[in-house]
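J.: got a sequence here, can you model it:
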Amino acid sequence: MQATGASVSLAVVLAFLCVLPVFSETSQAPEGTDTTPSCTEKSTLTLILQGNDREASFRCPATWTLQPADLTQAYDNTDSSKTVPLDTLVSGATLAHDSENSKYTLTLPPERTDKTFQYKCQKPSQAASGKNTDNSASQSCKIVVQVFASEIKSAIECKEGEINVATVKVTGNALSLKCKNLTLDPPDVQNVYDDEDGKCASKVALTSLVDGSLAAVAAEQEDNGEYALSISELPTDAKHLCYKCVAKQSKTQVSDASKECMLKLTVTSGAAAFATASISVGILASLASFLSAN
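T.: Numbers count the residues shown, from 1 in each chain. The predicted structure is shown next:
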C-alpha cells in the first residue's frame, strides 16, 4: 500500500508540474497602444534578431500589402527582386499573418546561421485607388531582417532613413549604437525617448525606465558617434526605449524625418524568468524530498 500511495502522490506532483503557468518573455503593451514596428514611405525597417531571439513582429502601413504574398517566401538580400524559400534562408523559420491585428510574426529556430533577407510593403497604385497622378507607379518600403546566430558584437550602425528594432534580454553590455555622420538624440546620454506609445517622442531620464546607462565607447571617440548601452538589472515590466541619430542642423533648420535614424529597443522583463525559475526550483526540491522519504 505504501508503494501505491507513493505512486499516486508522485502522479499528483507530476500533474501539478504540467499545469504550471507559462510566463511570457515580454509583457503586453498597455491596452489601446500598439508598438509593432512598420516601415514607412521614408524609412526602411530593420529587424535585428540576436542569438536568443526567437520571434519578431512587424506590420505594413495601413492598406499596404506585404510582398512576397506567399509567406513561405522572402526576398534575397543581394537581389531584392529574387524570391527565395524562407526555409532555405533559415531552416525551420516561419512567417505567420495575424489578420485581426494586421501584423506578421516571424518565428526562428534556436539553431541558425547569420543571414539577412527582406520583405517589401507595397502601396496600392494611385490609379487603382481612383486618384489622378502623374506618378501612377506603386510605391513601397523595405523590411530588412538581420538574423544572428549569437549575440552581435559589432555596433548597430544607424543610417539615414532607417528604423532599427532590437530586443535586450540580458544584463551587462547589451549592445552598441553608432550614429555614422549623425548626432545622437537625445544628446545627453542620461536621457532617452520613452517609446511605450511607439512614437519615440517623450524624452525622459534613462534610469526612470531601466537600471542602466549609455556612454561613449571611449570618451575621446565621442565625436565618432559610437555609444554602448549597459543594463545592470532587467526591469519588472518590459520597457520600450528609443534613440535617434539625427543630422546636424542650425537653429533655423527644420527637422526632417527622412534624414534621421531610429533605434527602438525593448528591454524585456526579468520578473517572468525569475518567477518561473523560483517555482521550478521549489517544486523540484519538494519532489526530491518526497522521493527520498519514499
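
J.: show me what contacts residue 151?
T.: Contact analysis of residue 151 by CB atoms under 8 Å, 6 or more residues apart in numbering lists 50-52, 170. (Glycine included, C-beta is placed from N, CA and C.)

J.: of those, which is the most crowded?
T.: The most neighbours of any of those, using other CB atoms under 10 Å, belong to residue 50, which has 19 neighbours.

J.: now for it: which residues touch it?
T.: The contact partners of residue 50, taken as CB under 8 Å, 6+ apart, are 148, 150-152, 166-167.

J.: show me which pair in the contacts of residue 151 is furthest apart.
T.: When these are compared pair by pair using CB to CB, the farthest-apart members prove to be 51 and 170, with a separation of 10.3 Å.

J.: middle-most residue in this structure, spatially?
T.: For the chain, residue 166 is the residue whose C-alpha lies nearest the centre (CA atoms, centre = their mean; 3.9 Å).

J.: for residue 193, name its beta-bridge partners.
T.: residue 203, residue 242 (DSSP bridges).

J.: pLDDT score for it?
T.: The predicted local distance difference test score for residue 193 is 98.

J.: now the one 4 residues further on
T.: At residue 197, the model reports a pLDDT of 92.

J.: and the gap between it and residue 173?
T.: 28 Å (CB to CB, to the nearest Å).

J.: the more surrounded of those two?
T.: Set side by side, residue 197 and residue 173 show more neighbours around residue 197, with 15 against 12, by other CB under 10 Å.

J.: quick one on the thing from earlier: can you tell me which of the contacts of residue 151 is nearest residue 111?
T.: For the contacts of residue 151, the minimum distance to residue 111 (CB to CB) is 10.0 Å, reached by residue 51.

J.: next one: the closest one from residue 75, what distance?
T.: Residue 51 sits at a distance of 24 Å from residue 75 (criterion: CB to CB).

J.: same check on residue 104?
T.: Residue 104 sits 14 Å away from residue 75 when distances are taken as CB to CB.

J.: give me the more crowded residue out of those two.
T.: A side-by-side neighbour count of residue 104 and residue 75, using other CB under 10 Å, places residue 75 first with 22 against 19.

J.: please name the bridge partners of that one.
T.: According to DSSP bridges, residue 83, residue 118 are recorded as the beta-bridge partners of residue 75.

J.: where do the helices of the chain begin and end?
T.: Along the chain, counting by DSSP state H, helices occupy 2-18, 86-89, 271-293.
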